[in-house]
Each structure stands twice: as C-alpha cells, then as structure tokens.
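Undergrad: Take this sequence and fold it.
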Amino acid sequence: MFKLRLAGKVYFAVFILVAAVLAVGAMGLTTLRSYKAVVDEMGDISRSAVLGERVNGMILAVVMDSRGIYMAQDRAESEKYAVPLMKNLDKLRTVLKEWRDQFPADRRGSFVEAEKATEDFIRFRAELVRLSREATLPEARAFGDNDANRKVRSALNEKIKGLAKENEDEVVRLRDLVQSEFGAQQSKFLAVLILGLILGVAVAVHVVRSKIVSPLRRITNVMQALAGGDLSVAIPFSDSEDEIGTMAKAVEVFKQNGQENERLRAAQEEERQNAERDKAAALGQMADHFEATVKSKVAEVGISTSAIGRTANIMANHSETSGGQSILVGDAASNTNERATVVSAATKQLAASVNEIAQQVQHSTTIARKAVEDVHTTSGQMRGLQQSVQAIGDIVKLISDIAAQTNLLALNATIEAARAGDAGKGFAVVANEVKHLANQTARATEEITQQVGAVQTSTMEMTTSIQGVVETIRSIDEASSAIAGAVQQQEAATNEISSNIDEVAYQAQEVMNSVSKLAKASVMSCAGTVRVIWSADSLAKVVHTLDDEVEKFLTKVRSLQASSGG
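TA: Got it, this is the predicted structure:
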C-alpha cells in the first residue's frame, strides 16, 4: 500500500467502497431469490388448495345429482340430474389429475389410492345413471341408496381429507421456513451492510487523510518555510516512492540549492569586504604618502608613483578574484533556476495527479448513485412481490367464500333431507360430511390467510430495510462529495505552490542578471586598473624626466653660480 502511486491509493479506496456496495446488493438479491422461491411455493400450495376444493365441490355436486335421481318421479326428471352428473364425473377425473400434478414428484404416491377410490366412485355413479336410463328408477335407487355406496363415498372422502391434510402440513412447513429464512437473511444482511459500510468508509477516509491530505499539507508547510528563508527545516517523505516522494525529493534539491547560494553569497560578501578594506588602506597610504611627498620634495613623487603601481596591481588581482566569484555565483544561480524549473514541472505533474484523483472521487460518487438506483429497482421488485402475495390472499379469500357456500349448500341439503323423512337419511349423512369438509376448508384457508399475512409483514419489513440501505448509500455519496471538495482544495494549494516556485525561478533569473552585471563591472574595473598602471609608469617617466631636468637645472644653476662666483 505504501509503494502505490496516489492514483493507485485512490483506486484502492474506491474498490473497497464498491466491494461494500456489491456485497450489500448481493445479499439483497439472495434475500429476494429466497422469498421468491417461498412465494412461488406458497402459490403452488394455494393452487393445490383451490383444486382440492374443486374436487370436493364436484363430489358434492355428484352426490346431490345422485340424490336427485333417487327422488325423481319419472325418467324425464331423472335425466335432468343424470346429464350434469356425467359431466361432473368427467371434470372430477380431470381436476384430480391437475391436483396431482401440483404436488412434487416425490409426494405424488399419495394420489394412487385417491385416484383408485375416485375411479370406484365414478364407476358406481356411472352405473347408477345407466340403471336410471335402462332399468327402472326403483332399481337405480336401490343400487345407489345403500351402505355400499356410502362406503365408497366415505373411502373417497377419507383420501381427499388425507391429501388436504398434506396441504395443511405443507402450509405449516412453509410458515416455519419463512420465519427461519427471514431471521437468517435479515441477520446476514445487516451484518454485511454494517461491516461493509464501516470497512469501506474507514479505508477511504484513512487513505485520503493519511496518504494524500496529510503528506500534501506537510510538504506545503515545508515549501512555505523554504520560501520564507528557513533552510534548516527537514524535508519529510523523501523516501516515499509515490508522487509525494517525488515532490519531496524536488523540494530537497531546492533546499540544497538555497544552502549553496547562502554559502556563496557569504563568501562573496567576505571577499568584497576584504577588497574594500585593502582598497581603503591603500588609498589612505597613497594619499598620505603623496601629501608628504608633495610637501617635502619632488623626488619623493617617484616613490609615490611606485606605491600607486603596487596598489593598482593589488586592485587588479582583487578585481580578477571578484570576477571569478561572480561567475561562480552566476553558475549557482543558473543551476537554481534550472532546478526550480524541475520543481515547477513536478508540482504541475502533482496538480495533474490531484485533478485525476478528483475525477476518480467523482467516479466513486457516480457508482454510489448507481447503487442507489439499483436498490430503488430492488425496492420496486419487493413491491411487486407484495402485490403477488396480495393476489394469493385474494385467492385464499375466494376459497373461503367457496367453503362458506359449500357449508350453506350442506345446510340446505340437511333441511331437504329432514323434509324427505326416512328416504333422506342417507342424504342427511352426506350433507353432514360435506359440512364437515367445508369447515375443514374454512380452517385451512384461515391458516393460509395468516401465513400470507406473515409473508406480507416480512415483505414490508424488507422494504423498510432496503430503504435504510438507500439512505446509507446516500451518506456514502455525501462523504464522497466531501472528499472531492478536499481534493479540490489540495489542487488549489498545489497550484499556489507551483506559482511560488515559478516566482523563485524568476528571482533566480534576476540574480543571474545581477551577477552578469557585476562580472562586467569587475572586467571594467580590471581594465581601469591596467590603465592606472600604465599611467603610473608614464608618471614615473615624467618624474624621472623632471628629476633629470631639475638636476640639469641645478647643475646649470650651480654652473651659473660657479661662473658667477668665479
């Protein structure tokens, strides 16, 4: 992690955030799949219950039509019941097959005996219709209104009850499955959500603060201190291999150049002061000697001329030394200018990296917003799931209504059987059985209604949890926006640093220009010193000539004086 570039560190933080979002989304999809499987299975159970009720209704209709044949007074009246009875027998066989197909393959063995009992029931009722059509009605009644018929019907009712009991057991199993599945998925979902968010936000904040913002702030403080003239400050992060380390190395070069400039400036100042002192001393000596020589005798002018020559030689040497030092200072200033240019380029590269970081943070914000849209889509799917559960509730209500109507028909059949007297006793038994089946159906539908309500409640709670995920991801979006703002501030600070370094390069150029002028002045001073030497030599010649002329003059004077004296 410490050897990554700045872009790599930002990519790592973005990857952690995206991984947290994907983990939460994966848990949401897993939960949706689990609930969809349970709802699909609940729908199959509901359809199976509807088919079971249809089977019960058809059996009841066949029994009612059979009772109509028993009580018919003639063949025409009997035929009114025989035709719908035969149609219901065909439908009974078809619906029973559909009911069997609704059961899983491993549970269809329960239908073997039920289908056999149904076929016995169908054959018996078909034979009853045949006798009512081909024989006499009393023979048909004697065939059907007996204990053997009731045993066949009772056997069929027992089989149907057993299948209904399997449906009821399946409902209980689904209820337990829904409760356990909801608890497990909710715990996993919350755990992954909390852990993912904590890890993602912590890593992102740590990377941005400790690996980007804090190093940039320290480097900025160091550069401000160097710009203020403090060359003793330590350069941090110089051993880092990322953009911060590159910038720190460039700042270290800048610091070393500043220290070298200070050393050269101090040496140049010391040389200048020494030259000034020597020059002042020489001029003082020359003035004193010249004054003394002029006041004393012309002969001492020659000595002064020699002193002027020596002083001019010293000045030439000092001017040459000063010119050499000026050249060194110019080279150092040029080196400083070049290194400041390198630092400026590195700073501009850092600004480009910071700009790229800002773009990556913006990309992270876009991913977080896309996650919000995906969670909204998941919420819509949850609402569709809730509507499906509501539709199942409507189907269960329809089953309950059918059971209530069946109960009402059974009550009417009991009343009709009471009116028929002894002839209706068997009919009364059938009515009681039908009423008992209707009551069982009502209880089963009530249990299904409760389970559907539990599924609806779980769906609503899951919708609420998904809404909480939306709010949390929005918080991540806001945190990403705050990080983008901080990166923009660092980009502005980096641009300011670049401007300061450009100013340093400009000042270094000014130093180069000043040193160039100083070098030219040193050359001119050296040339002037040479002219002084030439003038001193000429003056010495003049003094020598003057001395000769004075000697001649004195000789002449002495000669004249001697001549005059002689």
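
Undergrad: what is the mean pLDDT for the host helix or strand of residue 412?
TA: Secondary structure assignment for residue 412, by DSSP states H and E: helix 300-420. The predicted model assigns helix 300-420 a mean pLDDT of 69.

Undergrad: Kindly report the same for stretch 79-88.
TA: Mean predicted confidence for stretch 79-88 is 93.

Undergrad: Buried residues of it, list them for me.
TA: Counting neighbours by 16 or more other CB atoms under 10 Å, one finds that the buried residues in stretch 79-88 are 81, 82, 85, 86, 88. Bear in mind the C-beta positions are built from the backbone N, C-alpha and C, glycine included.

Undergrad: Among those, find me the one that's closest to residue 270.
TA: If you rank the buried residues of stretch 79-88 by distance to residue 270 using CB to CB, residue 88 comes first, at 126.6 Å.

Undergrad: which ones are touching that closest one?
TA: 58, 61, 62, 65 (CB atoms under 8 Å, 6 or more residues apart in numbering).

Undergrad: 6 Å - rerun?
TA: 58, 61, 62 (CB atoms under 6 Å, 6 or more residues apart in numbering).

Undergrad: The last one and residue 69, how far apart?
TA: In this structure, residue 62 and residue 69 are 11 Å apart, going by CB to CB, to the nearest Å.

Undergrad: Then the first one?
TA: Applying CB to CB, one obtains 16 Å for the distance of residue 58 from residue 69.

Undergrad: which one of those two has more residues nearby?
TA: Set residue 58 next to residue 69 and count neighbours by other CB atoms under 10 Å: residue 69 wins out with 25 against 20.

Undergrad: which other helices and strands contact the strand or helix carrying that one?
TA: According to DSSP H and E, residue 69 maps onto helix 6-71. The helices and strands touching helix 6-71, judged by 3 or more CB pairs under 6 Å, 6 or more residues apart in numbering; DSSP states H and E, are helix 75-102, helix 147-208, helix 300-420, helix 425-565.

Undergrad: since we're on residue 270, how many residues are nearby?
TA: Quick note: residue 270 (other CB under 10 Å) scores 11 neighbours.

Undergrad: so it is in which element?
TA: Short version, using DSSP H and E: residue 270 is in helix 243-296.

Undergrad: tell me what that helix is packed against?
TA: So helix 243-296, by 3+ CB pairs under 6 Å, 6+ apart, packs with helix 214-227, helix 300-420.

Undergrad: The same query, at a cut-off of 8 Å, please.
TA: Helix 243-296 sits against helix 214-227, helix 300-420, helix 425-565, with contacts defined as 3 or more CB pairs under 8 Å, 6 or more residues apart in numbering; DSSP states H and E.

Undergrad: list the contacts for the residue lying closest to residue 258 once chain neighbours are set aside?
TA: Excluding the flanking residues, the one nearest residue 258 by CB to CB, 6 or more residues apart in numbering is residue 231, at 5.0 Å. Residues near residue 231 by CB under 8 Å, 6+ apart: 255, 258, 259, 262.

Undergrad: Against residue 492, how distant is residue 231?
TA: Using CB to CB, we find residue 231 at a distance of 26 Å from residue 492.

Undergrad: Spit out the contact partners of residue 143.
TA: With CB under 8 Å, 6+ apart, residue 143 has these contacts: 127, 128, 131, 149.

Undergrad: mind listing what the third one touches?
TA: When you say that, I think you mean residue 131. Per CB under 8 Å, 6+ apart, neighbours of residue 131: 139, 140, 143.

Undergrad: Sticking with the last one, tell me its helix or strand.
TA: Think residue 143. Here residue 143 is covered by helix 137-144, with elements defined by DSSP H and E.

Undergrad: Now that helix: average pLDDT?
TA: On average, helix 137-144 scores 89.

Undergrad: Tell me how far residue 356 lies from residue 137.
TA: 99 Å.

Undergrad: More neighbours: these two, which one.
TA: Using other CB under 10 Å, the more surrounded residue of residue 356 and residue 137 is residue 137, with 19 against 14.

Undergrad: before we move on, the earlier item: what residues are shared contacts of residue 62 and residue 69?
TA: Common contact partners of residue 62 and residue 69 (CB under 8 Å, 6+ apart): residue 85.

Undergrad: How far off centre is the helix holding residue 143?
TA: Its chain's C-alpha centre and that of helix 137-144 lie 83 Å apart, by CA atoms, centre = their mean, to the nearest Å.

Undergrad: got the buried residues for it?
TA: 137, 140, 141, 143, 144.

Undergrad: and which of the residues you listed is nearest to residue 101?
TA: Within the buried residues of helix 137-144, distances to residue 101 taken as CB to CB reach their minimum at residue 144, with 31.1 Å.
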